[in-house]
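# Turn this into a model:
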Amino acid sequence: MEKRLKYLVIHCTATRAGREVSAADIRRWHTSPPPDGRGWKQVGYTDLVHLDGRIERLVRNNEDEWVDDWEVTNGAAGYNSVSRHIVYAGGCAADGKTPEDTRTQAQKDALERYVLDFHAKHPNIKIIGHRQLNGAKACPSFDVPAWLQSIGIRQ
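Model prediction:
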């Protein structure tokens, strides 16, 4: 049963700076049975921002203000039926553990275009970072509210 979209949630893959991530990696991490994956029925994100700024669709989406059952991804427990999720490859320092904004300039530019376009189409949908839904997480390793203001989005 479809529900009204309330959030666009921005994530990072929590991988080292400069490490590319593929759709196959994400599918394996999320849908493979434990211990290799999480055993989810669906991946956590609708779209992936690659290091070169290319955006890859991971889960089909009709771009309206409703989350249909077939559009639900598993990005944030308790919010998936009312959210769309986008992830960028990166988010950790070279040690692979410390949260760090590792977005390349191409990723920053692509994410800005994506978010501005999304906001123009859906001005009433709140755009947030994953950690705004779960304070125990550092994801997406940058201050989304401050970044939104810097690109002209006031919520």
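# Distance check, the nearest residue to residue 126 once chain neighbours are set aside against residue 135.
For residue 126, the nearest residue in space outside its immediate sequence neighbours is residue 7; the separation is 5.3 Å by C-beta to C-beta, 6 or more residues apart in numbering. For the C-beta atoms, the positions are set from N, CA and C on the backbone; glycine is no exception. Per C-beta to C-beta, to the nearest Å, residue 7 is found 15 Å from residue 135.
# Same check on residue 37?
25 Å.
# would you list every one of the strands in this protein?
Read by DSSP state E, the chain holds these strands, from start to end of the chain: 3-4, 7-12, 15-16, 47-49, 55-57, 66-67, 83-88, 91-92, 126-129.
# so of those, which one's packed in deepest?
Counting by mean count of other C-beta atoms under 10 Å, strand 83-88 has the highest mean neighbour count of the strands of the chain, with a mean of 26.
# Run through the neighbouring helices and strands of it.
Applying 3 or more C-beta pairs under 8 Å, 6 or more residues apart in numbering; DSSP states H and E, one finds that strand 83-88 makes contact with strand 7-12, strand 47-49, helix 105-121.
# Please identify the buried residues of the longest one?
In terms of neighbour count (16 or more other C-beta atoms under 10 Å), helix 105-121 has its buried residues at 107, 108, 110, 111, 112, 114, 115, 118, 119.
# show me where pLDDT drops low in this protein?
Along the chain, the model assigns pLDDT under 70 to no residue.
# give me the beta-bridge partners of the residue nearest to residue 126?
On the basis of DSSP bridges, residue 7 takes part in beta bridges with residue 83, residue 126.
# got a list of what it touches?
79, 82, 83, 84, 125, 126, 127, 128, 133 (C-beta atoms under 8 Å, 6 or more residues apart in numbering).
# Likewise for residue 80?
Residue 80 makes contact with 72, 73, 74 under the criterion C-beta under 8 Å, 6+ apart.
# Kindly recompute the last result at 10 Å.
Each residue near residue 80 by C-beta atoms under 10 Å, 6 or more residues apart in numbering is listed here: 3, 7, 9, 42, 44, 67, 71, 72, 73, 74.
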